[in-house]
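Asker: Just a sequence and a predicted model for now, questions to come.
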Amino acid sequence: MGKGPKRELGACYYPEHWPERVWADDARRMTEAGLSWVRIGEFAWSRLEPQPGELDFEWLDLAIEALGQAGLKVVLGTPTATPPRWMLTRHPDMVALDEKGQPRGYGSRRHYCFSHDGYLEECRRIVTLLAQRYGKSSHVAAWQTDNEYGCHETAVSYSDAAKRGFQAWCAQRYQSTDALNRAWGNVFWSMEYAEFDEIGLPNLTVTTPNPSHVLAFRRYCSDQVVRFNRAQADILRRYSDAPLIHNYMCRILSFDHFDVAADLDIASWDSYPLGYLLDRLDADETEQERFLRQGHPDAQAFHHDLYRSVGRGRYWIMEQQPGPVNWAGWNVAPIEGMPRLWAWEAFAHGAEAVCFFRWRQAPFAQEQMHAGLLRPDGADAPAIVEARQLAREIAKMPDAGTTKAKVAIIFDYASSWAWEALPQGADFTYFGLVFDTYKALRRAGLSIDFLPADTKSLNGYDLLLVPGLLTLSGNLRMALEAFSGTAIIGPRTNSKTEELVIPDPLPPNLPGLDATVSRVESLPPFARVPLEGGGSFCRWFEHLEGDAAVTAATTDGRPAIMSRGKMHYVAGWPDRTAFGHIVANACAAEGLGTRSLPDGLRIRDTATHRFVFNYAPEPMDFEGTTLPPAGVLWHPI
Ligand code: GAL
């Protein structure tokens, strides 16, 4: 692949938080700092429509004009993540209900239920008004739909609207209750339904609900996010040619991002490395301590690669942490240079833009402790110095291109829902397994792509990893049959049907591989299954039988990997050492060079350049060059 995207910087700005007299000056300072993009509007509904039907767009006209006049390109957000208070009076039942059946209260954000048709209509109305007014604006150069779908656990709602919607969805999917009963195995515990309107939501059951019921409901919830987003996208496209973007997050798996992204032009995600390290990556205390002020060295890259795939090659950072945030258990400051490193890492992975959140720290409300590029008094905060440096570097930096990696991992949201519904081991998570796979590849210095589960062709890849995939799709099975590279499949891959029942023949049922999972055990944290040659399986171990070659074994002589040619089925969750061996062997078979990078040093290759990043708190050497903490190095390759 040739030329890469143009690299640009931006900031998130809330004109409604500041007096009109400062807008032009803010805009001037943004462009002086080298920013090109400014995202606005995504929470401003109460100012756009203070009372139902009473519209006030004039302030937004002026704000867009002030920003545009300064030379900034505006990303205009639709304000649907924050329905104003009057909306609740109009639609008292529009709020989402949590798993305990409690309404999500008013007084923060995202309190709507995706299934509520009345609220969806209100969203269509406000989005239409915005699109009509700004669809042809020369300053509005992109749109953001809503804000962070699924944030604060809001993709799943147990409301009446969701129940009615789910019943209709089931009627559509299964056509008859007999078919549904068969698909879910409802004969078990006399759970059979005679009518679709008898089907409830899988919460508040006495003991665990049927996992097939849960998975179906999770598919329904994901489809509701798609429907909600599509309603906005359809309207925006009618009035505007500007690209449509949504801002996704770290480890939010509650809806299928590939499905949502199919209606949009660019994927983006909100990168808060320090908050995420402490609150959602399952990092152990040693890692948390070492990377406290830098973030996990693989977590940003993981999401860059994932969202590049979700965005079909096009992705941004819509929100980049500039300093301490407010929402993690503890909120530390990055070491100097990290905001610059995070931005360069995003660009190295193919990001077209990195926007800092936020321009100026708000002195009020929930996020008053959240840093911005400016302090609340308007003085420079530390990150703006780094933004300026980035802008100078970008101006000098030649096009570095993006490139297809040699290594790919299949990523599938439904697999995450399935293993949440049927974990079998308390610490088995799909994200954890895929992230461990990714980390092992990154420690070996490899660049990685993610592919969706219905991938039709694996052409161009040398190495494919398929950890924990619920069901092997027909497309992927065919692609695997035609694949000439090495495939590392498992554990748990193809172990259930799409309805979350055990298939016949038994798993893994891989093309040409005579291996069968005859028994499965999950392992508590203190238990291990040690492997010949070092390392062990943790969390999960499958007993395999069959005539396929045993290419790795446990120390007590049971199959750990069974293989046919270059297709390998892995019978457990490899620990760090075992993953190291698996990756090294696979890469050796494909002639892919690997390294053994120290913790904190990471590499990303583009078509033209190698980038090296130092996430460690101490200086690190790379091929004779010393990188200071937060150091970034690049050279042509
Ligand atoms: C994001 C969100 C922003 C802001 C930010 C604070 O998740 O999109 O609106 O809340 O976090 O870090």
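Answerer: Alright, I've got the coordinates.
Asker: Of all the residues in the stretch 1-150 of the chain, which one is nearest the ligand?
Answerer: Using CB to the nearest ligand atom, E148 is the residue of the stretch 1-150 of the chain that sits closest to the ligand, at 4.6 Å. Bear in mind the C-beta positions are built from the backbone N, C-alpha and C, glycine included.
Asker: what's the distance between that residue and P92?
Answerer: Distance, E148 to P92, using CB to CB, to the nearest Å: 25 Å.
Asker: Who has more neighbours out of the two?
Answerer: Using other CB atoms under 10 Å, the more surrounded residue of E148 and P92 is E148, with 21 against 9.
Asker: can you pull the buried residues of stretch 473-482?
Answerer: S473, L476, A479, L480 (16 or more other CB atoms under 10 Å).
Asker: got any ranges where the stretch 251-400 of the chain has weak pLDDT?
Answerer: Counting by pLDDT under 70, the stretch 251-400 of the chain shows low-confidence ranges at 398-400.
Asker: In helices only, show me the buried residues of stretch 473-482.
Answerer: Among the buried residues of stretch 473-482, the ones falling in helices (DSSP state H) are L476, A479, L480.
Asker: So which residues on the stretch 301-450 of the chain come close to the ligand?
Answerer: Applying CB under 6 Å from any ligand atom, one finds that the stretch 301-450 of the chain approaches the ligand through E319, V325, W327, F357, E367, H370.
Asker: Report the separation between the residue lying closest to the fourth one once chain neighbours are set aside and W189.
Answerer: Spelled out, that is F357. Setting aside the residues directly before and after it, F357 is nearest to E319 in space (CB to CB, 6 or more residues apart in numbering), at 3.5 Å. E319 is 46 Å from W189, where distance means CB to CB.
Asker: which of the two has more neighbours?
Answerer: Between E319 and W189, E319 has the larger neighbour count (other CB under 10 Å), namely 24 against 9.
Asker: I'd guess that one is in a strand, am I close?
Answerer: Yes. Judged by DSSP: H, G, I helix; E, B strand; the rest coil, E319 forms part of a strand.
Asker: How about the contacts made by it?
Answerer: Residues in contact with E319, defined by CB atoms under 8 Å, 6 or more residues apart in numbering, are C12, N247, D270, S271, Y272, C355, F356, F357, R358.
Asker: tell me which element the second one is part of?
Answerer: Following DSSP states H and E, one finds N247 within strand 244-248.
Asker: Surely L513 is in contact with A548?
Answerer: Yes. The criterion here is CB atoms under 8 Å, and L513 meets it with A548 at 5.2 Å.
Asker: Touching both of these two, which residues are there?
Answerer: Counting by CB under 8 Å, 6+ apart, the contacts common to L513 and A548 are M562, S563, R564, Y569.
Asker: Around R133, how many other residues sit close by?
Answerer: 18.
Asker: OK, contacts around it?
Answerer: Here R133 is in contact with F57, D61 (CB under 8 Å, 6+ apart).
Asker: again with M94
Answerer: P83, M87, L88, Y112, C113, H116, G118, Y119.
Asker: Verify the stated contact: the last one with C113.
Answerer: Read that as Y119. Yes. With contact defined as CB under 8 Å, Y119 counts as touching C113 (7.1 Å).
Asker: Mind checking which of those two has more residues around it?
Answerer: C113 (27 against 24).
Asker: how about that one, phi and psi?
Answerer: phi -100, psi 130 (degrees, to the nearest 10).
Asker: Just read off the phi/psi values of the residue of the stretch 1-150 of the chain closest to the ligand.
Answerer: Torsion angles, degrees, to the nearest 10, at E148: phi 50, psi 70.
Asker: Can you give me every residue that contacts it?
Answerer: Contacts of E148 (CB under 8 Å, 6+ apart): A81, R110, N247, Y248, M249, I252, D270.
Asker: Tell me the pLDDT of it.
Answerer: E148 carries a pLDDT value of 98.
Asker: how close does C538 get to the ligand?
Answerer: Going from C538 to the ligand by CB to the nearest ligand atom, to the nearest Å gives 32 Å.
Asker: gap between the residue nearest to that residue when sequence neighbours are not counted and D436?
Answerer: Excluding the flanking residues, the one nearest C538 by CB to CB, 6+ apart is D575, at 5.0 Å. Note on D575: its distance to D436, by CB to CB, is 8 Å.
Asker: Just the C-alphas of stretch 225-238, formatted as PDB.
Answerer: C-alpha atoms of stretch 225-238 as PDB (Å, rounded to 0.1, in the frame of the first residue of the first chain):
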ATOM      1  CA  VAL A 225     -27.300   0.000  18.400                       C
ATOM      2  CA  VAL A 226     -26.900  -0.500  14.700                       C
ATOM      3  CA  ARG A 227     -30.500   0.600  14.100                       C
ATOM      4  CA  PHE A 228     -30.100   3.700  16.200                       C
ATOM      5  CA  ASN A 229     -26.900   4.700  14.500                       C
ATOM      6  CA  ARG A 230     -28.300   3.900  11.000                       C
ATOM      7  CA  ALA A 231     -31.300   6.100  11.600                       C
ATOM      8  CA  GLN A 232     -28.900   9.000  12.100                       C
ATOM      9  CA  ALA A 233     -26.500   8.100   9.300                       C
ATOM     10  CA  ASP A 234     -29.300   7.900   6.800                       C
ATOM     11  CA  ILE A 235     -30.500  11.400   7.700                       C
ATOM     12  CA  LEU A 236     -27.000  12.900   7.700                       C
ATOM     13  CA  ARG A 237     -26.200  11.400   4.300                       C
ATOM     14  CA  ARG A 238     -29.300  13.000   2.800                       C
END
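Asker: which other residues reach that stretch?
Answerer: For stretch 225-238, the external contacting residues (CB under 8 Å, 6+ apart) are 78, 80, 114, 120, 123-124, 127-128, 131, 135, 143, 145-146, 149-150, 155, 244, 246, 255-256, 259-260, 263-264.
Asker: list the helices and strands the one helix or strand H581 maps to packs on?
Answerer: For H581, the host element (DSSP H and E) is helix 576-590. When contacts are defined as 3 or more CB pairs under 8 Å, 6 or more residues apart in numbering; DSSP states H and E, helix 576-590 sits against helix 430-443, strand 463-466, strand 486-489, strand 536-545, strand 567-570.
Asker: Dump the ones you listed to TSV, plus mean pLDDT.
Answerer: Converted to TSV, the helices and strands packed on helix 576-590 look like this (pLDDT from 0 to 100):
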stretch	mean pLDDT
helix 430-443	98
strand 463-466	98
strand 486-489	98
strand 536-545	98
strand 567-570	98
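Asker: can you put those in CSV and add mean neighbour count?
Answerer: Formatted as CSV, the helices and strands packed on helix 576-590 follow (neighbours: other CB atoms under 10 Å):
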stretch, mean neighbour count
helix 430-443, 22
strand 463-466, 26
strand 486-489, 24
strand 536-545, 22
strand 567-570, 26
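Asker: These: which one's closest to L592?
Answerer: strand 463-466 (6.6 Å; CB to CB).
Asker: helices or strands up against that closest one?
Answerer: strand 407-411, strand 486-489, helix 576-590.
Asker: mind listing what it pairs with, with the direction of each?
Answerer: Neighbouring strands of strand 463-466 in its sheet, by DSSP bridges, are strand 407-411 (parallel), strand 486-489 (parallel).
Asker: Can you tell me what sits against the last one?
Answerer: Under the criterion CB under 8 Å, 6+ apart, residues 462-467, 469, 480, 508, 510, 566-570, 582, 586, 589-590 lie in contact with strand 486-489.
Asker: hmm, 6 Å instead?
Answerer: L463, L464, L465, V466, K566, M567, H568, Y569, A586, A589, E590 (CB atoms under 6 Å, 6 or more residues apart in numbering).
Asker: Make TSV out of those residues and add distance to the ligand.
Answerer: What follows is these, written out as TSV (distance: CB to the nearest ligand atom, whole Å):
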residue	distance to the ligand
L463	34
L464	33
L465	29
V466	31
K566	42
M567	41
H568	39
Y569	39
A586	36
A589	42
E590	39
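Asker: which other residues reach stretch 576-595?
Answerer: For stretch 576-595, the surrounding residues in contact (CB under 6 Å, 6+ apart) are 406, 440-441, 444-445, 462-463, 486, 488, 531, 534-535, 574.
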